[in-house]
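**Q** Using only what follows, build the 3D model:
(2 chains, ligands or ions: 2)
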Amino acid sequence: MSEQIETSEQENAEVHKRIEQTYKDGFVTDIESDTFPPGLNEEVIRAISAKKQEPQWLLEWRLKAYAKWLTMEQPNWAKLKIPPIDFNAISYYSSPKSNENAPETIDDVDPKLLETYAKLGVPLHEQEILAGVKTRKTPVAVDVVFDSVSVTTTFKKELRKAGVIFCSFSEAVIDYPDLVKQYLGKVVPIGDNYFSALNAAVFSDGSFVYIPKNTRCPMELSTYFRINEMNTGQFERTLIIADDGAEVSYLEGCTAPMRDENQLHAAVVELFILNDAKIKYSTVQNWYPGDEEGKGGIFNFVTKRAACNGNNAKVSWTQVETGSAITWKYPSCILRGDNSRGEFYSVALTNNYQQADTGTKMIHLGKNTKSTIISKGISAGKSHNTYRGLVRISKRAEGARNHTQCDSLLIGKNCGAHTFPYIECGNSTAQLEHEATTSKISEDQLFYCKQRGISEEDATSMIVDGFCKEVFKELPMEFAVEAKALLDISLEGAVG
Amino acid sequence: MLNIKNIHAQVGDNKILKGLNLEIKPGEVHAIMGPNGAGKSTLGNVLAGMEKVEVTQGSVDFLGKDLLDLEIEQRAAEGIFLAFQYPVEIPGVNNMYFLRAALNAQRKYRGEKEMNSSEFLKLVRTKIKQMNMRDDLLRRPVNEGFSGGEKKRNEIFQMSILEPKLAILDETDSGLDIDALKIVADGVNQLRDDNRSFIVITHYQRLLDYIVPDYVHVLADGKIVRSGDKSLAIELEKTGYGWLED
Ligand SMILES: Nc1ncnc2c1ncn2[C@@H]1O[C@H](COP(=O)(O)OP(=O)(O)O)[C@@H](O)[C@H]1O
Ligand SMILES: [Mg+2]
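**A** Residues are numbered from 1 along each chain as shown, chains lettered A, B, ... in the order given. Ligands and ions are numbered 1, 2, ... in the order given. Prediction:
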């Protein structure tokens, strides 16, 4: 089931000069932090829980997860070469000292942190001031997570008026314990996999969203994740609940400093979509990918899963993955409600020594459930890019339908593209379509563009952009522009 | 404007052009005919700068510049346009977007102001009208899913927007019905002026009824073996290329 195509010698001559990458978000914020010493044991978990002043039930949940994790092994089925990870060399909690007294409003946030986010293109202050004034842009509410803690959440009050809850996970545990208790771990159980168990034991913060019945969230919601401190891991949890007839579009972005050491990011995202509700979840993942020699970079092990529990529920995952040294990620949809729909749109770009093994699972349980998978993998340099997907049609899923399209684009001849599409069909009424292509940027295309006056670099970025078009059009406008720019930067130096 | 002297060119070990000479003055239209495999497309590729084709001898002067010394995209910006025998598909890239990027890249090279999208749209509208073309191809991805005729028309449309100084049309008439042929010829004739020159590669003299050439050349085995005026094309249509063998 694997396809591997390598491009011609000659093409490589044209192409090999462009294997050099620039990462614009690689700076470090010089800030005093309260960081736990490296190491993982029950004491550390108790200490995290204490920092958060968590209720007893949550501490017990964490400890149970930790006990489970100890019995598990790191998965090795992915097409990834993962160097051994020393879990005792990682610090599991780091918070800027200035954040200790939980800033109530943006005005109380450490200016150094505000500056950091402004530099990353997330001007928190400006946003609240500008909101609604003169600009036609709809404002975006942001929760910003810096290392292990949520620093601030904008537009909280405005959202509250609409009945929408958008806050850090830690706050949600204190303020909305019933909701958290009802949904936490219900679609990604603690023992689901090695990394989700680890996350359940040590997660430190993340975002929480609740959209009440028949409410369309009045603005886009987003979380910006930033790893700053050395030797720390980031373990966040996101929980989004769209009640009957609710609708929300949520975005997340991620960056980290350039460092020679690898850093671990193991997140869990749980989505719950009830009757007639809709969640659109978009990710632009740009964790530091490591340098041209493959040194450093983030190890990104993420479990994302959506439960379409209601009838006519709809979830759509859109991801643009350009960062991380290693990406292990399969945003999935459990289509339990009748007529529920799951969509997965993905662009994964790897360059230099990056490795990505990503895809989705569409689990059809309800009748007339429908899923769409569009995956675009772009490999350059010496990277490896794998699509891995599962479409499972259960016995009682009458009339289920899936359409999968899975395209790979190769730039240069030292990279690899692989596809592993698994299908398990338990109902003969299912309609399943699968298309897959592997192509490369051809010399003819480049010659044609250059003959019209377009430089090779611009031609490459244009061709890649064209290749990704079906996915980009699923992203909210501003994100699409950012995603395109990000691909250009990530490909810089990939063609001569 | 263009002076090709004793060009020898090869792809790998395959020697294709073997001492080709051709001089073109501003405003002239030169038709090039000749049997399949003679090297006609290779001539176009040499002028455009295709990397695969290695020039081993000779020189090409284009408007006072050593053409062989320039990069492909520099040649384009200096005014060389090649209408491809087989236009290339670029999936997902909008035709208009592509063409504006091309035009602006060329303008930038020449130190001219880049065109914003509304200026460009205006230009496109005027040209469409002038060229008597339908605009349905503009919104589609570059050549993707185009019929053979649509691809050729699109090449001519691109030419009309880019306004090159020397346009090389490589069998742009092949596979066109008579209406499409007229549209293409019309497009070329609209652009004809005292400063712009054309190399028209074709197998059929019928195109030359619409685009009347100043010279007709026969290219065979990598060289120009005969030159004449339009009557040579008519003669060739009768005699074919059998005489070359004698
Ligand atoms: N890219 C190429 N690789 C190898 N041989 C080529 C290539 N292009 C052209 N040739 C060869 O060069 C010769 C001339 O081709 P071409 O210029 O396309 O001829 P024409 O356009 O006159 O039909 C032919 O023998 C053809 O097979
Ligand atoms: Mg030819």
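**Q** Which element, helix or strand, includes the most centrally placed residue in chain A?
**A** With distances taken as C-alpha atoms, centre = their mean, A:Thr283 lies nearest the centre of chain A, 4.9 Å away. Using DSSP states H and E, A:Thr283 sits in strand A:278-285.
**Q** packing partners for that strand?
**A** strand A:237-242, strand A:247-255, strand A:262-273, strand A:297-308, strand A:314-321, helix A:477-491 (3 or more C-beta pairs under 8 Å, 6 or more residues apart in numbering or on different chains; DSSP states H and E). Where C-beta positions appear, they are placed from N, C-alpha and C, glycine not excepted.
**Q** how near is the closest residue to chain A within chain B to ligand 1?
**A** Distance from chain A to each residue of chain B (C-beta to the nearest C-beta) is smallest for B:Gly92, at 2.9 Å. Remark: distance between B:Gly92 and ligand 1 (C-beta to the nearest ligand atom, to the nearest Å) = 26 Å.
**Q** same thing with A:Ser455?
**A** Counting by C-beta to the nearest ligand atom - A:Ser455 and ligand 1 are separated by 23 Å.
**Q** Secondary structure class of the residue of chain B found nearest ligand 2, three-state.
**A** Using C-beta to the ion, B:Ser41 is the residue of chain B that sits closest to ligand 2, at 3.2 Å. Secondary structure, DSSP: H, G, I helix; E, B strand; the rest coil: B:Ser41 is helix.
**Q** residues near it, how many?
**A** Look at B:Ser41: counted by other C-beta atoms under 10 Å in any protein chain shown, it has 21 neighbours.
**Q** Close to ligand 1: what parts of chain B are there?
**A** B:Val11, B:Asn14, B:Ile16, B:Gly34, B:Asn36, B:Gly37, B:Ala38, B:Gly39, B:Lys40, B:Ser41, B:Thr42, B:Lys52 (C-beta under 6 Å from any ligand atom).
**Q** Could you pick out the buried ones from those residues?
**A** Using 16 or more other C-beta atoms under 10 Å in any protein chain shown as the burial test, the residues of chain B next to ligand 1 include B:Ile16, B:Gly34, B:Ala38, B:Gly39, B:Lys40, B:Ser41, B:Thr42 as buried.
**Q** will you turn the residues you listed into a markdown table that also has pLDDT?
**A** Rendered in a markdown table, the data for these read as follows (pLDDT from 0 to 100):
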| residue | pLDDT |
| --- | --- |
| B:Ile16 | 97 |
| B:Gly34 | 93 |
| B:Ala38 | 94 |
| B:Gly39 | 96 |
| B:Lys40 | 96 |
| B:Ser41 | 97 |
| B:Thr42 | 97 |
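**Q** among those, which two are most distant?
**A** B:Ile16 and B:Gly34 (12.3 Å; C-beta to C-beta).
**Q** before we move on, back to that, could you give the angle of the strand holding A:Thr283 to strand A:314-321?
**A** With axes from the mean of the first three to the mean of the last three C-alpha atoms, to 10 degrees applied, the angle from strand A:278-285 to strand A:314-321 works out at 10 degrees.
**Q** Walk me through which strands strand A:278-285 pairs with, and which way each runs.
**A** strand A:247-255 (parallel), strand A:314-321 (parallel) (DSSP bridges).
**Q** CA atoms only for that strand, dumped as CSV, please.
**A** Output in CSV follows, covering the C-alpha atoms of strand A:278-285 (Å, rounded to 0.1, in the frame of the first residue of the first chain):
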residue,chain,number,x,y,z
LYS,A,278,-20.9,22.5,13.7
ILE,A,279,-17.3,22.9,14.6
LYS,A,280,-14.7,24.1,12.2
TYR,A,281,-11.2,23.6,13.6
SER,A,282,-8.2,25.0,11.8
THR,A,283,-4.6,24.6,12.7
VAL,A,284,-1.5,26.3,11.4
GLN,A,285,1.3,24.3,13.0
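**Q** any idea of the angle that strand forms with helix A:477-491?
**A** 30 degrees.
**Q** Now do strand A:278-285, average pLDDT.
**A** The average pLDDT within strand A:278-285 is 93.
**Q** neighbouring contacts of it?
**A** If you take C-beta atoms under 8 Å, 6 or more residues apart in numbering or on different chains as the criterion, strand A:278-285 is touched by A:240, A:242, A:246-254, A:269, A:271, A:273, A:300, A:304, A:306, A:313-324, A:327, A:331, A:474-476, A:479, A:482-483, A:486.
**Q** Among those residues, name the buried ones.
**A** In these, the ones that pass as buried (16+ other C-beta under 10 Å) are A:240, A:242, A:246-254, A:269, A:271, A:273, A:300, A:304, A:306, A:313-324, A:327, A:331, A:474-476, A:479, A:482-483, A:486.
**Q** just for the stretch 201-350 of chain A, where's the confidence low?
**A** A:254, A:256 (pLDDT under 70).
**Q** can you tell me if stretch B:17-27 touches ligand 2.
**A** No: against ligand 2, stretch B:17-27 shows no contacts by C-beta under 5 Å from the ion, the least distance being 12.8 Å.
**Q** For that stretch, buried residues please.
**A** By 16+ other C-beta under 10 Å, the buried positions in stretch B:17-27 come out as B:Leu17, B:Leu20, B:Leu22, B:Ile24.
**Q** need those residues in CSV with pLDDT, can you?
**A** Conversion of the buried residues of stretch B:17-27 to CSV gives the following (pLDDT from 0 to 100):
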residue, pLDDT
B:Leu17, 97
B:Leu20, 97
B:Leu22, 97
B:Ile24, 97
